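Let's see this in three dimensions:
(2 chains)
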2 protein chains.
Amino acid sequence: MHSSDRNKLRQYVEKIENLEVEKTEIQEHISDVYKQAKSDGFDPKIMKRIIKIKKMKTEDRETEDMLLDTYMLALGLISSDEEPEQ
Amino acid sequence: MHSSDRNKLRQYVEKIENLEVEKTEIQEHISDVYKQAKSDGFDPKIMKRIIKIKKMKTEDRETEDMLLDTYMLALGLISSDEEPEQ
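Numbers count the residues shown, from 1 in each chain, chains lettered A, B, ... in the order given. This is a model prediction of the structure:
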């Protein structure tokens, strides 16, 4: 490989590695916030679900909830009187 | 939930959401660098492998390479004269 290409490649790889480091730092920061919240009595698992739900469009969420109920009913995990009104 | 707890929870969730946005931005930046490298003639898949290899300890990498050769030999994907000298 030509030396100018070698340099380019080296620069690209370095750039990506630096960005990966930044990404890891942010991920660690996120973990710290969850830990802090946990020590304050909040359940990190439920918080993660909330954050996921907040990201979804209302319509998508409603469709998913409806399907979830349908499957749970079909599998006997809930009874039909627990079924939400349509 | 008490209003002070509600506020705390809201703050934790907001903090995490902001960090997630930052993380996504960095990920997009990484993707851009790979795209740029590709348009410069470098193979992103090989670059990803290089970055992964660089992260591994030399010892771990050698152990993995040796195991890979052993398995490839066992499965007839290479012949024994291709086997590296021990």
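
quick check: longest helix of chain A.
helix A:3-39 (DSSP state H).

can that one be found next to chain B?
Yes. Helix A:3-39 reaches chain B (C-beta under 8 Å from any C-beta of the partner chain) through A:5, A:8-9, A:12-13, A:15-17, A:19-20, A:22-23, A:26-27, A:29-30, A:33-34, A:36-37. Yep, even glycine has a C-beta here, placed from its N, CA and C like the rest.

ok, A:Lys45 - how many residues close by?
By other C-beta atoms under 10 Å in any protein chain shown, the residues close to A:Lys45 number 10.

hang on, I meant A:Phe42
Counted with other C-beta under 10 Å, A:Phe42 comes out at 19.

Tell me how far the most centrally placed residue in chain A lies from chain B.
In chain A, the centroid-proximal residue (C-alpha atoms, centre = their mean) is A:Lys52; its distance is 5.7 Å. Noted for A:Lys52: a distance of 10 Å to chain B, by C-beta to the nearest C-beta, to the nearest Å.

Let me know the helix or strand that that residue is in.
helix A:44-55 (DSSP states H and E).

Report the mean per-residue pLDDT for that helix.
Mean pLDDT, helix A:44-55: 95.

got the angle for that helix vs helix B:3-39?
70 degrees (axes from the mean of the first three to the mean of the last three C-alpha atoms, to 10 degrees).
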